[in-house]
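Undergrad: below is the structure, and that's it, no one-letter string:
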Ligand SMILES: [Fe+2]
């Protein structure tokens, strides 16, 4: 199966992105309060975990059939070397433990010359960096049980001439993969360049967007310079991100998931954000689902024979 085949699957709905190593929100409490069936608040979990797959197995068990997506953070796909064998092994084990259909990985790196920096370095916006990302993603997708799908990283000081939209479009084209677009991260890039939130979106192959992300964030003002900061569940999702979501979600005809990254939220806060985003997504997609242009959650194009 090619990674692009994933674009043909059903719309999973609105889910929560959690870090299982973080105390808050606790995944068991979230799952317990979510309820089951059509009345549930969130439709899937996107699970960030690392190292041994023990926690991933526990989430799988507690989820009782709720879909799980995997979010990895250590494959460093834009670092100009092959991904570390131990990171690839951990990704493979966690993917299997979660039975996830895909693995989200930001186009960033955290290691330099083998040293972990605990600092997130987004892709340099150059053609060379695209070639690196494509080679690494292709190599990963040959060995993993489910494809790595790149996500646009957050920017505070972009280096390189390309616009992030063109960068993502080229990676998708050359590596033959769908895309995860984090709308907050896209906004972070646009404010660095003084551009409108959805500037150049027409250059993105929206039919390749499999997943959208939103999260709590703050825009700081440093001596007159605006800097975007992801705070995930510790803050509100800004109205600009919700407006971007309402605009973009119905235009992505193969969209399969909308994820709210809620690390550090309380359980109640995470559930409230899920309900908030669900209202936006349902309203935005309603017309497209009714006419059959967008797939509903059962995979069928409603209204089409
Ligand atoms: Fe994200």
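TA: Here it is on my side, so go on. Note that the structure is predicted; figures quoted are calculated from it, not measured. Numbering: from 1, shown residues only.
Undergrad: could you use CA atoms for every contact and neighbour count after this?
TA: OK.
Undergrad: now for the host helix or strand of residue 180, which elements pack on it?
TA: Assigned by DSSP states H and E, residue 180 belongs to strand 179-182. Applying 3 or more C-alpha pairs under 8 Å, 6 or more residues apart in numbering; DSSP states H and E, we find strand 179-182 packed against strand 148-151, strand 209-215.
Undergrad: give me the mean pLDDT for that strand.
TA: The pLDDT scores in strand 179-182 average 98.
Undergrad: partners of the nearest residue in space to residue 182 that is not next to it in sequence in the sheet?
TA: Using C-alpha to C-alpha, 6 or more residues apart in numbering and skipping the chain neighbours, the partner closest in space to residue 182 is residue 213 (4.3 Å). For residue 213, the beta-bridge assignment (DSSP bridges) gives partners residue 182, residue 259.
Undergrad: low-confidence stretches in this structure?
TA: Within the chain, the ranges that satisfy pLDDT under 70 run 298-305.
Undergrad: quick one on the thing from earlier: who touches the following helix or strand past the strand holding residue 180?
TA: Note on strand 179-182: by DSSP H and E, the next helix or strand toward the C-terminus is helix 183-193. If you take C-alpha atoms under 8 Å, 6 or more residues apart in numbering as the criterion, helix 183-193 is touched by 152-158, 164, 196-199, 212-215, 217, 226-230, 241, 244-245.
Undergrad: now helix 183-193, how far from the centre of its chain.
TA: Relative to the mean C-alpha coordinate of its chain, helix 183-193 is positioned 15 Å out (C-alpha atoms, centre = their mean, to the nearest Å).
Undergrad: would you mark the buried spots in that helix?
TA: For helix 183-193, burial by neighbour count (16 or more other C-alpha atoms under 10 Å) applies to 183-192.
Undergrad: also stretch 130-150?
TA: For stretch 130-150, using 16+ other C-alpha under 10 Å, the buried residues are 130-138, 140-141, 144-150.
Undergrad: all strands of this protein, in order?
TA: Along the chain, counting by DSSP state E, strands occupy 13-19, 45-48, 68-71, 103-106, 108-112, 115-122, 148-151, 179-182, 209-215, 217-222, 225-230, 257-261.
Undergrad: against which helices or strands is the second one packed?
TA: I take that to be strand 45-48. Going by 3+ C-alpha pairs under 8 Å, 6+ apart, strand 45-48 lies up against strand 13-19, strand 68-71.
Undergrad: rewinding a little: of the strands of the chain, which is nearest residue 32?
TA: Residue 32 lies closest, by C-alpha to C-alpha, to one member of these: strand 45-48, at 12.8 Å.
Undergrad: distance to residue 289 added to the strands of the chain, as TSV?
TA: Formatted as TSV, the strands of the chain follow (distance: least, C-alpha to C-alpha, whole Å):
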stretch	distance to residue 289
strand 13-19	13
strand 45-48	23
strand 68-71	23
strand 103-106	26
strand 108-112	34
strand 115-122	35
strand 148-151	25
strand 179-182	21
strand 209-215	16
strand 217-222	30
strand 225-230	31
strand 257-261	15
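Undergrad: follow-up on the earlier one: dump the buried residues of helix 183-193 to a markdown table, plus distance to residue 254.
TA: Listed next are the buried residues of helix 183-193 as a markdown table, based on distance: C-alpha to C-alpha, whole Å:
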| residue | distance to residue 254 |
| --- | --- |
| 183 | 17 |
| 184 | 20 |
| 185 | 21 |
| 186 | 19 |
| 187 | 22 |
| 188 | 25 |
| 189 | 24 |
| 190 | 25 |
| 191 | 28 |
| 192 | 29 |
